[in-house]
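[1] My questions are about this predicted structure, shown below with the sequence.
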Amino acid sequence: MNEWYKDWFSSEFYTTVYAHRNDSDAKLLSELILSKVELKKDDYILDAACGAGRYSKIFAGYDFNVVGFDLSLVLLNLALADNHHFNKNHFLINSDIRSTYFKRKFSLIFNLFTSFGYFNTEKENFLFFQNALDFIDENGVLVFDYFNSSYIKKNVIPYSEKNVDGFLVKETRITQDNRVIKNIDVTANNQTLSFLESVALYDHDFLIDKFNSLGYNITDVYGDYKGSPFNEENSERIIIFMKKR
Ligand SMILES: C[S@@+](CC[C@H](N)C(=O)[O-])C[C@H]1O[C@@H](n2cnc3c(N)ncnc32)[C@H](O)[C@@H]1O
């Protein structure tokens, strides 16, 4: 399989197709995180695969020190352009999640909105969480927000269409080989560009076992951004809070 994530997240259309994943969506999950994690003013926070920086800027706005990294220069530039939120405590780094490593320790590390499962092997998909054990504080918290794969498998929407900012967006989805594969066609002025998303499906039990075996203690598991308990049947997301053992 190709490295689809390089093309798609470097496309100007990513933020168009996911326009609903905006600042108010990020505010909801940020509030859940802030209500569950005790943080002090000078703490360092790591936003792993920060994209256009929706979460980084919220936490930087609270005067925490925030480091965000991402592979996509296009999205990092959008984060940079949003510079009225930018302050001396907010840093952005262009880096691949598989090789990102820090000498300093973070009180909070998060990986949000399914910024996970893009690679072909389990080893690559979980490598960051293994490495993060070296740069999370002894009492630090890691927050992982991914879709509930059991829900996706039962409720996959094979086809949908929407109009966003004058673009026609057609999305087809299938689950195959334990991945959810989405084709995205964006049409404007009779011209169509096609993109691919392919994300590995790991279920609740697998994730919990895996994070445990890597060396984390799971502290909380939620099923949505409001903090409802996780339910395998009905929850659309899985949000796992964990600490280094
Ligand atoms: C679904 S977006 C979420 C972005 C951000 N967390 C948010 O909630 O807005 C996934 C992000 O993962 C980034 N990404 C994809 N592959 C990556 C890689 N190999 N290393 C680092 N970041 C990567 C993309 O560029 C994109 O910003």
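    It's in.
[2] Next one: Phe211 from Asn163, what distance?
    40 Å (CB to CB, to the nearest Å). For the C-beta atoms, the positions are set from N, CA and C on the backbone; glycine is no exception.
[3] what sits up against the strand or helix carrying Thr219?
    With elements taken from DSSP states H and E, the one containing Thr219 is strand 216-222. Strand 216-222 has contacts (CB atoms under 8 Å, 6 or more residues apart in numbering) with 32, 36, 129, 133, 141-142, 204, 208, 211-212, 228-230, 237-245.
[4] Tell me which of Phe211 and Asn163 has more neighbours.
    Phe211 (18 against 9; other CB atoms under 10 Å).
[5] just checking, that one touches Gln130?
    No. The criterion here is CB atoms under 8 Å, and Phe211 misses it with Gln130 at 10.1 Å.
[6] mind checking the end-to-end distance for stretch 58-77?
    End-to-end distance of stretch 58-77 (CA to CA, to the nearest Å): 17 Å.
[7] Buried residues in that stretch, which are they?
    By neighbour count with 16 or more other CB atoms under 10 Å, stretch 58-77 contains the buried residues 58-60, 64-72, 75-76.
[8] And the lowest-mean-pLDDT helix or strand in the chain, what does it pack against?
    Least confident helix or strand of the chain, by mean pLDDT, DSSP states H and E, is helix 14-17 with a mean of 88. The contact analysis (3 or more CB pairs under 8 Å, 6 or more residues apart in numbering; DSSP states H and E) places helix 14-17 against helix 73-81, strand 167-176, strand 179-188.
[9] can I get these in a markdown table with mean pLDDT and distance to the ligand?
    Listed next are these as a markdown table, based on pLDDT from 0 to 100; distance: least, CB to the nearest ligand atom, whole Å:
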| stretch | mean pLDDT | distance to the ligand |
| --- | --- | --- |
| helix 73-81 | 93 | 5 |
| strand 167-176 | 96 | 14 |
| strand 179-188 | 96 | 12 |
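[10] Alright, calling it a day.
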